[in-house]
Structures are given as structure tokens and as C-alpha cells.
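**Q** Give me a model of this one.
(one chain, ligands or ions: 1)
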Amino acid sequence: HPLANVGLVVRAENLSSEYDYIVVGAGPGGLTVANRLSEDKNVTVLVIEAGGFDQDEDFITIPGLAGGAVGTRYDWNISYAPDPALNGRVVPIPRGKVVGGSTKLNRMVFDRGSRSDYDGWGALGNDGWTFDTLLPYFHKTENFTPATAEIQAEYNIEVDPANQGIGGYIQTTFSPFFWPTTKNIVQATEELGIAINDQATGNALGGYYCPHNQDPETVTRSSAEEAYYESAKPRQNYHLLPGNLVTRIVTGNASDSVQVTGVEFATSKDATPQTVKVRKEVILACGALHTPQLLQVSGIGEPALLESINVSTVVDLPAVGYNLHDHINVVVVNALNTTVQTNNLTTDTTFAAQARNEYDTQRTGPYTTPTGDFLLFLPLKTFTNATQSILSQALEAGPSSSLPTDVPPEVAAGYEDQFALLNQKLEADDSAILEVIFADGAFVLALQHPYSRGSVKANSSSMFDAPVADVGFLRNNVDTAIIREGVHFARRLAGTQAISALNPFEVVPGGNVTSSADIDAFVTGSASTVFHPASSCRMAPREKGGVVDNELKVYGVTGLRIADASVMPILPASHTMTSVYAIAEMAADIIKGDCYKCVSH
Ligand SMILES: Cc1cc2nc3c(=O)[nH]c(=O)nc-3n(C[C@H](O)[C@H](O)[C@H](O)COP(=O)(O)OP(=O)(O)OC[C@H]3O[C@@H](n4cnc5c(N)ncnc54)[C@H](O)[C@@H]3O)c2cc1C
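**A** Residues are numbered from 1 along each chain as shown. Down below sits the predicted model:
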């Protein structure tokens with residue numbers, strides 16, 4: 001039964017009254033699931049997205065301007081709650097509000113975590129979720145093109161094409177231009193005896209050259225919209241409604257459980273909400289901050305919270321919103337004595353104009369890279385000899401020092417398993433604890449396996465009010481101690497011959513900040529986010545604080561799943577987009593019943 005008004009539906013009146021599947025949120029999670037489900041001509045699929053379409057503005061499409069949509073109308077423009085451990089500072093947390101979600105705002109780092117990251121997901125009580133079961137889905141998402149001959153000649157990037165996907169919807173490749181100081185960080189890595197590996201192999205450790213989600217032909221961003229929406233749009237059974245916020249999941253009582261029957265949506269807080277019915281399932285993909293909020297305003301969550309916002313409890317599921325965590329970072333900045341570097345694009349008008357002309361006419365030069373062409377992902381032992389003292393500190397602090405005081409008992413129980421895993425990771429060789437991104441003189445130091453946890457709580461019964469997202473940065477001092485070691489390591493990197501050759505001068509925090517107390521003050525005073533909130537509706541057994549089971553079904557409800565960053569059992573040591581795509585690809589197969597290998601039925 002083909003739908004009328006195929007593809008894009010701009011007016012709610014033109015929707016069908018009922019669909020087989022309704023997907024909420026058009027980010028990488030939502031667009032991927034909707035695309036794969038609509039491959040079956042016999043089902044109808046509707047995606048509802050709060051944001052509209054972008055206009056292919058330069059700040060979205062040009063790799064060298066990546067991140068430029070932050071703070072625009074394509075961003076939710078929300079912040080984490082004031083953080084006592086950061087001197088009460090408020091850290092903004094950009095989130096895409098546009099078809100494509102945060103893949104329109106992000107920095108286009110397209111990497112996977114290590115085998116241990118995903119095997120850890122299974123070990124935390126999620127049968128069927130391992131590196132090996134996710135690998136086919138990492139492959140399925142992408143269409144990888146090797147580096148250009150010029151980059152290959154200069155950097156000799158060793159990539160085994162067998163580890164990359166061919167034929168997927170997302171175009172991935174290496175940038176055709178690397179900023180010249182990339183050579184210095186590669187050499188510094190070698191000088192310190194750190195191996196350079198291929199991130200796609202499950203050994204995303206040491207240094208690696210990092211692909212980006214960019215199209216090698218057009219040299220523009222390949223977002224979830226270009227990849228998964230454009231290819232699904234012509235289908236007779238696919239609708240996407242942009243510019244509408246889903247305000248509530250509608251439920252009714254089935255014989256022995258709560259049954260999802262549809263969703264309510266509206267264009268604005270004052271508009272009268274409309275309802276669309278669902279036959280099979282609703283799949284939530286609103287991202288790690290809005291998915292738990294939508295559950296809560298729909299009556300699925302902690303009864304005391306729901307009561308405080310005047311929502312009646314439909315499903316008593318206290319874990320909703322807890323376990324939120326994110327990759328926290330600080331930046332050590334050095335001024336360098338070199339002529340060609342990234343800030344020339346903003347400080348040197350002649351350079352910038354030439355670079356832009358080169359991009360416009362030949363699709364080469366500085367604007368072809370979003371930066372981050374070479375990254376370091378380091379086990380703790382690789383960057384400090386303080387492993388034992390950090391482990392002792394973690395054990396002494398115990399699990400509770402990472403958690404908000406009001407945490408429900410099942411969330412605390414589930415955290416104990418994570419705590420044991422985190423402690424193992426401190427001593428492990430197969431698990432990265434720190435990421436270092438070198439962008440000319442700046443060392444971005446991002447903690448990959450933070451101990452601290454927070455929560456997301458709806459602030460009112462309206463989805464139009466921003467949720468209170470307490471990410472809990474540095475709640476546990478162990479996180480500060482690890483970042484402190486990262487600061488020492490950045491200085492070791494700056495002291496290598498390869499980087500000394502650029503005459504680095506440390507501007508932030510400055511060479512006189514050397515004592516542990518002073519470095520810690522720098523950390524609390526400047527720490528921010530690398531934009532990877534996750535795990536706020538984590539996949540885990542219900543008694544371990546899980547919100548979804550290993551088939552991504554929300555506990556206590558029939559016909560409701562989640563497929564976005566919120567289900568991650570724990571963050572991987574990598575950027576998060578690629579893992580969200582893989583989760584969503586696997587989710588679609590689970591829903592279709594095709595995922596025999598991964599999750600037992
Ligand atoms: C500035 C920035 C830089 C980043 N850099 C990188 C990077 O370089 N590499 C990387 O791997 N990751 C990066 N990330 C993270 C990555 O983009 C996210 O992890 C990923 O996009 C999360 O996918 P998601 O589907 O969970 O959520 P999102 O991408 O946030 O998508 C959620 C969608 O749901 C919509 N939505 C929310 N609530 C509702 C509702 N009630 N009704 C309807 N629609 C709703 C939103 O508008 C949005 O479109 C970055 C993120 C940002 C913001």
C-alpha cells in the first residue's frame with residue numbers, strides 16, 4: 001500500500017493516520033533505522049524530527065568549517081546544569097536540531113573504538129553485543145575510499161581495506177590535505193615509542209590516521225541526511241515530517257503490559273498537539289539528552305520525579321536518565337613558530353582567501369580537512385607511570401563517589417559492574433584512557449573512560465522546556481587525577497624533538513602551573529566536553545539500571561525501542577557517531593528479525 005505524498009511531508013494534515021513504525025528523531029540513530037526498516041516495501045515508516053532541513057550552508061558542508069553550525073538555529077542551544085565540581089560553571093552542550101541531527105554539527109571524526117570497548121558492552125550483561133557482532137554493522141554503514149595518492153605518498157597510511165566497509169551510504173575517506181604540523185605529531189608519537197595502528201581493526205590504540213565522513217568526489221560532509229535520508233526518500237512507504245517535536249509517547253493497556261499506540265507531536269508549545277497511531281513499534285532516537293526526557297514526560301521513569309512534574313506514572317522505571325556520562329576534556333595550548341597553521345584561516349586574510357579559492361576551484365587545500373587527521377588513543381600506562389596510585393585512589397573512593405546522591409538502587413548496582421570494568425581498564429593494554437587531538441599548538445586531552453556519572457531529568461511535563469542534564473563532570477576526583485597525568489603527557493609531547501622543532505611556548509595553562517594542586521585548578525576551571533553524551537537509557541539488565549534490554553526494548557512497555565547514543569552501556573574510547581550508526585544498523589536487523597548471529601530470540 002504505497003503512501004500518498006511520498007517522502008517529505010511538510011504538513012501534518014498530509015500524514016497517514018497510522019504507520020507500522022514511527023521513528024522519533026532524524027539523527028544518525030533515527031535515519032539509519034528508518035532507512036533499513038523501509039527497505040521492506042510491506043511496511044510503512046514515519047520519521048518525526050523537531051528541526052528542519054539545513055540549506056547546505058558552507059558552515060555545514062565544507063570540512064574546514066566543520067562545527068560552524070554550533071550555536072545556530074540548527075542547534076538546540078542547551079547547556080549542562082551548573083557543575084559544582086567545575087566551580088559551578090555551566091558547560092554548553094551543542095546538539096543538532098535539524099534533519100541529520102548532530103551529524104550536521106560535528107567535527108566529522110569517523111572512528112571506531114577498540115575490541116575491548118564493545119566486548120565490555122556484552123560483559124555488562126548484554127548478550128550478543130561484542131566487537132565481532134558489531135563489526136558487520138560498522139562495515140555496512142560506510143563506503144570507504146582510501147587516501148589520495150599525495151597523502152599516501154607523504155604519510156604512508158597503512159589501512160587494510162578488508163576492515164573498511166564498501167557500498168554503505170556514508171562516504172568516508174581521509175582528508176586530501178593534512179596541516180603540515182601533522183608530521184610533527186606523527187614523529188613525536190614515534191619518538192616516544194608509541195605504535196601507529198589502523199583504528200578499524202579493533203586495535204584503536206596508540207596513534208592512528210583518522211578517516212572522516214566526507215565525500216571524496218564533492219569534498220563535502222556526508223551526514224546522516226545525505227547518507228540515510230536521501231536514499232530512503234523516494235520509497236513509496238517512507239514519510240519524514242520535519243519541524244515537529246514529539247511531545248509524548250501515547251500508551252494504552254494491553255492484557256499484561258503497557259502498549260505503545262502512537263505519538264503526540266506539535267510545532268510549538270502553544271500549538272494544539274496532534275496524534276499519529278502506530279501499528280508495530282515506536283523507535284526513539286532523540287539523542288542522549290532528549291530520549292530520557294521524552295520517556296519521562298510520557299510517564300516512563302522514576303515515580304517521584306514524574307510526580308514532581310505532574311506526570312502520572314505509566315511504567316515505574318527509575319533508571320531512565322541516570323548513568324549519563326560524556327568525554328570531558330581540557331586543552332593545553334602552545335604557541336608555535338611555524339608559518340602554516342590552522343589559525344591562519346582566521347587571522348591571515350590573504351591565506352584564507354587563497355585557501356577558499358583553492359577549495360572552490362579544485363577541492364584541495366586547507367578547507368578540505370575538518371582537522372583531527374591523526375589522533376592518539378592511549379592506555380594509561382602509555383602516558384603515565386601513576387597507574388597504581390590512580391587505581392588505589394579509585395578503589396579507596398569506591399563506586400558511590402561517582403554517582404549522584406539520589407541514584408536509584410538498581411542504577412548503583414549496575415554501576416558497580418562498570419566500576420570493576422573501569423578499574424580493569426586502568427591497568428589494561430587494550431583499552432584507551434586518554435585521547436590526544438593535536439591541532440597545531442593545542443593538545444586536546446579527552447578522558448575516554450570517566451568514572452563520574454550524572455542524570456537527565458525533565459524539568460516540566462513539556463518537551464518544549466529543556467531537560468536538566470547534570471553530566472557530573474569530575475564528580476569523582478579520580479577523573480581529575482587522570483586528566484592531570486594527561487597534562488604532564490602533553491608537556492612530554494611538546495618536549496619531543498619533533499615538536500620542539502616548532503619552538504612551542506605554553507600559553508595555557510602556562511609553564512608555571514606545575515604542582516598537582518595548580519594543575520587540578522586548571523582542570524576544574526577549564527574542563528569542557530567533546531560532545532559525546534551517552535548512556536542515559538543504557539542497555540543492561542533491568543535490575544542493573546537498564547532502561548532497554550539487549551534487543552533495545554524499553555522495559556515494561558510493548559512496542560517501544562531506543563536506537564541512539566543513550567543506549568550505550570558505557571562510552572567507548574572513540575568519538576561516538578560511528579558507534580551510533582552501528583547500533584542503529586544492528587537495531588534495524590533486530591527489529592526485522594534478521595540478527596540471528598547477534599541476539600538470541
Ligand atoms: C559539535 C559536535 C561535534 C561532534 N564531533 C564528533 C565527531 O567529530 N565525531 C563523532 O563521532 N561524533 C561527534 N559528535 C557526536 C555525534 O555527533 C553524536 O554522538 C551523534 O550524532 C549522536 O547521535 P544520536 O542519534 O544519538 O543523536 P543526535 O545526532 O543528537 O540526533 C537526535 C535527533 O533527534 C531530534 N529530536 C530530539 N528530540 C526530539 C523530539 N522530541 N521530537 C522530534 N525530534 C527530536 C533532534 O533534533 C536530532 O535531530 C559531535 C557532536 C557535536 C554536537
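
**Q** how near is Asn279 to the ligand?
**A** One correction, residue 279 is Arg, not Asn. 20 Å (C-beta to the nearest ligand atom, to the nearest Å). Backbone N, C-alpha and C define where each C-beta goes, glycine included.

**Q** Am I right that that residue falls within a helix?
**A** No - assigned with DSSP: H, G, I helix; E, B strand; the rest coil, Arg279 falls outside any helix and is strand.

**Q** Name the nearest residue to it, ignoring sequence neighbours.
**A** Asp20 (4.8 Å; C-beta to C-beta, 6 or more residues apart in numbering).

**Q** Residue of this structure closest to the ligand, please.
**A** The nearest approach of the chain to the ligand comes at Gly27, 2.1 Å away (C-beta to the nearest ligand atom).

**Q** What about that residue, how many residues nearby?
**A** Neighbours of Gly27 under the rule other C-beta atoms under 10 Å: 33.

**Q** Before we move on, what's the pLDDT of the residue lying closest to it once chain neighbours are set aside?
**A** Computed as C-beta to C-beta, 6+ apart, the closest residue to Gly27 that is not its neighbour in sequence is Gly101, at 2.2 Å. Here the pLDDT value assigned to Gly101 is 98.

**Q** Gly101: how many residues sit nearby?
**A** Residue crowding around Gly101 was assessed by other C-beta under 10 Å; the count is 32.

**Q** Next up, the contacts around it.
**A** 25-31, 95, 224, 287 (C-beta atoms under 8 Å, 6 or more residues apart in numbering).

**Q** who wins for most neighbours among these?
**A** Within these, Pro28 tops the neighbour count with 36 neighbours, counted by other C-beta under 10 Å.

**Q** related to what we said a few turns ago, the residue nearest to Arg279: which element?
**A** If you go by DSSP states H and E, Asp20 is part of strand 18-24.

**Q** that older thread, the residue of the chain closest to the ligand and Gly100 touch, don't they?
**A** Yes - using C-beta atoms under 8 Å, Gly27 is in contact with Gly100, at 6.9 Å.

**Q** Kindly state the beta-bridge partners for Val554.
**A** Val548 (DSSP bridges).

**Q** Show which residue of this structure lies farthest from the average position.
**A** Ser255 (37.7 Å; C-alpha atoms, centre = their mean).

**Q** For Thr346, the count of nearby residues, please.
**A** 9.

**Q** Would you confirm that it belongs to a helix?
**A** Yes - according to three-state DSSP, Thr346 belongs to a helix.

**Q** list the contacts for it?
**A** Ala352.

**Q** Likewise for Val109?
**A** 210, 212, 370, 372, 375, 575, 577.

**Q** The second one contacts Ile170, doesn't it?
**A** No - using C-beta under 8 Å, His212 makes no contact with Ile170, being 10.3 Å away.

**Q** list residues touching both of the two?
**A** Phe110.

**Q** Now list whatever residues contact both of Gly27 and Gly100.
**A** Counting by C-beta under 8 Å, 6+ apart, the residues touching both Gly27 and Gly100 are Ala224.

**Q** before we move on, back to that, over to the residue of the chain closest to the ligand: give its phi and psi.
**A** Phi and psi for Gly27, reported as degrees, to the nearest 10, are phi -90, psi -160.

**Q** who's in contact with it?
**A** Applying C-beta under 8 Å, 6+ apart, the residues contacting Gly27 are 96, 100-103, 224, 285-287, 564, 580.

**Q** Run a quick neighbour tally on the residue nearest to Arg279.
**A** Neighbour tally, Asp20, other C-beta under 10 Å: 17.

**Q** Please name the residues that touch it.
**A** Asp20 touches 37, 43-45, 278-281, counting by C-beta under 8 Å, 6+ apart.

**Q** Recalculate using a threshold of 6 Å.
**A** By C-beta atoms under 6 Å, 6 or more residues apart in numbering, Asp20 lies in contact with 43-44, 279-280.

**Q** again with Asn337
**A** When the contact criterion is C-beta under 6 Å, 6+ apart, the partners of Asn337 are 502-503.

**Q** buried sites along the strand or helix carrying Leu421?
**A** Using DSSP H and E, Leu421 sits within helix 409-427. Going by neighbour count (16 or more other C-beta atoms under 10 Å), the buried part of helix 409-427 is 410-415, 417-419, 421-423, 425-426.

**Q** rewinding a little: roughly how far does the residue of the chain closest to the ligand sit from Asn323?
**A** 20 Å (C-beta to C-beta, to the nearest Å).

**Q** One more: Met577?
**A** Note on Met577: its distance to Asn323, by C-beta to C-beta, is 20 Å.

**Q** what does Glu281 give?
**A** For Glu281, the distance to Asn323 equals 24 Å [C-beta to C-beta].

**Q** the more surrounded of these two?
**A** Remark: of Glu281 and Asn323, Asn323 carries more neighbours, 31 against 19, as counted by other C-beta under 10 Å.

**Q** and the stretch 451-600 of the chain, which residues reach the ligand?
**A** Residues of the stretch 451-600 of the chain lying close to the ligand by C-beta under 6 Å from any ligand atom are 463, 531-532, 564-565, 575-578, 580.

**Q** Dump the residues you listed to a markdown table, plus pLDDT and neighbour count.
**A** What follows is these, written out as a markdown table (pLDDT from 0 to 100; neighbours: other C-beta atoms under 10 Å):
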| residue | pLDDT | neighbour count |
| --- | --- | --- |
| Met463 | 98 | 25 |
| Phe531 | 98 | 21 |
| His532 | 98 | 26 |
| Asp564 | 99 | 32 |
| Ala565 | 99 | 30 |
| His575 | 98 | 26 |
| Thr576 | 98 | 27 |
| Met577 | 98 | 28 |
| Thr578 | 98 | 25 |
| Val580 | 99 | 30 |
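
**Q** Now flag whichever of those is closest to Tyr118.
**A** Closest approach between those and Tyr118, by C-beta to C-beta: Thr578, at 11.5 Å.

**Q** residues in contact with the helix or strand in which that closest one is found?
**A** Taking DSSP H and E as the criterion, Thr578 maps to helix 577-592. Residues outside helix 577-592 that contact it (C-beta under 6 Å, 6+ apart) are 28-29, 32-33, 36-37, 103, 110, 112, 134, 137-138, 140-141, 551-552, 563, 565, 572, 595, 599.

**Q** can we see that at 7 Å?
**A** With contacts defined as C-beta atoms under 7 Å, 6 or more residues apart in numbering, helix 577-592 is touched by 28-29, 32-33, 36-37, 40, 103, 106, 110-113, 134, 137-138, 140-141, 170, 281, 551-552, 561, 563-565, 567-568, 572, 595, 598-599.

**Q** Show me how to select, in ChimeraX, the buried members of those.
**A** The buried residues among these can be selected in ChimeraX (16+ other C-beta under 10 Å) with this line:
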select :28,29,32,33,36,37,103,106,110,111,112,113,134,137,138,140,141,170,281,551,552,561,563,564,565,567,568,572,595,598,599
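
**Q** Among the contacts of helix 577-592, which are located in helices?
**A** Counting by DSSP state H, the contacts of helix 577-592 place 28-29, 32-33, 36-37, 134, 137-138, 140-141 in helices.

**Q** Export those to TSV and append columns for distance to Ile166.
**A** Below are the ones in helices among the contacts of helix 577-592 laid out as TSV (distance: C-beta to C-beta, whole Å):
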residue	distance to Ile166
Pro28	20
Gly29	23
Thr32	18
Val33	22
Arg36	18
Leu37	23
Leu134	18
Tyr137	14
Phe138	12
Lys140	10
Thr141	11
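
**Q** Pairing partners for the helix-or-strand element of the chain with minimal mean pLDDT, with directions?
**A** When each helix and strand of the chain is scored by mean pLDDT, DSSP states H and E, strand 7-8 comes last, with a mean of 77. Applying DSSP bridges to the sheet, strand 7-8 is found paired with strand 238-241 (parallel).
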